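>>> Sequence first, predicted model second:
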Amino acid sequence: MELTKIILTIALTIAMTIALAMKNTAAAEEKPPLATFPKASQPLQPMASKRVSRFLQQGTRNPRAADHCHKDEEVCYVQGGQNPTCCNNKCVDLATDNHNCGACKRKCRFTEVCCRGECVYLSFDKRHCGACNHRCNPGEYCVYGMCNYA
């Protein structure tokens, strides 16, 4: 008999706590009034423009930004000559770019790297062992990017 009274008391306490908590959260959540539209007789006023970001107002150019060439390769030469070819509206170097290796839109595979305009495996290529243009000596093999491994 005592056990049922204790269980009943706990159940009632939990029920009252939940009911009070729900009442408090419902009272705190007031819905905002619906937006009212101006009548046709009232003239529309322009909205205030937002302030321009201070980053957009800076005069310096982002060094990591793409050079847009619009298929005009002279733009690539004028901007420093580091990336002489125009591919996909960007100045790129076809000798080292993994997304444009040797020709525009020619991507190297995940494990390959672009060296001298061709996609190579640095782990097993004798002419590019471990890094571009690192040749192994005659008779040596390139294994795991090292000449004469093991």
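Received the coordinates, thanks.
>>> partners of Lys90 in the sheet?
Beta bridges link Lys90 to Cys87, judged by DSSP bridges.
>>> From Ile7, how far off is Val143?
Val143 is 73 Å from Ile7, where distance means CB to CB, to the nearest Å. To be clear about C-beta, it is placed using only N, CA and C from the backbone, and glycine gets the same treatment.
>>> ok, these two, which is more surrounded?
Val143 (14 against 10; other CB atoms under 10 Å).
>>> So what does Cys114 look like in phi/psi?
phi -90, psi 120 (degrees, to the nearest 10).
>>> can I assume it is in contact with Tyr121?
No. Here Cys114 does not reach Tyr121: they are 11.8 Å apart, not a contact under CB atoms under 8 Å.
>>> Show me which of these two is the more surrounded one.
Taking other CB under 10 Å, Cys114 and Tyr121 do not tie; Cys114 has more neighbours (22 against 15).
>>> Report the beta-bridge partners for the more buried one.
Bridge pairing for Cys114 - DSSP bridges - gives Cys119.
>>> so what pLDDT did it get?
At Cys114, the pLDDT value in this model is 93.
>>> tell me the contacts of it?
95-98, 101-102, 108, 120 (CB atoms under 8 Å, 6 or more residues apart in numbering).
>>> And Phe110, by the same measure?
Per CB under 8 Å, 6+ apart, neighbours of Phe110: none.
>>> For Cys119, see how far away it is.
For Phe110 relative to Cys119 (CB to CB), the value is 11 Å.
>>> quick one on the thing from earlier: I would like a ChimeraX command selecting only the buried ones among the contacts of Cys114, please.
Buried residues within those, by 16 or more other CB atoms under 10 Å, are selected in ChimeraX with:
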select :95,97,101,108,120
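>>> Can you tell me which of the contacts of Cys114 is closest to Ala21?
Asn98 (57.7 Å; CB to CB).
>>> ok, the closest one touching Gly117?
No. Asn98 is beyond contact range of Gly117, at 11.5 Å (criterion: CB under 8 Å).
>>> now the residue nearest to Ala131 when sequence neighbours are not counted, what's its secondary structure?
Excluding its sequence neighbours, the residue lying closest to Ala131 (CB to CB, 6 or more residues apart in numbering) is Leu122, at 6.6 Å. Counting by DSSP: H, G, I helix; E, B strand; the rest coil, the backbone at Leu122 sits in coil.
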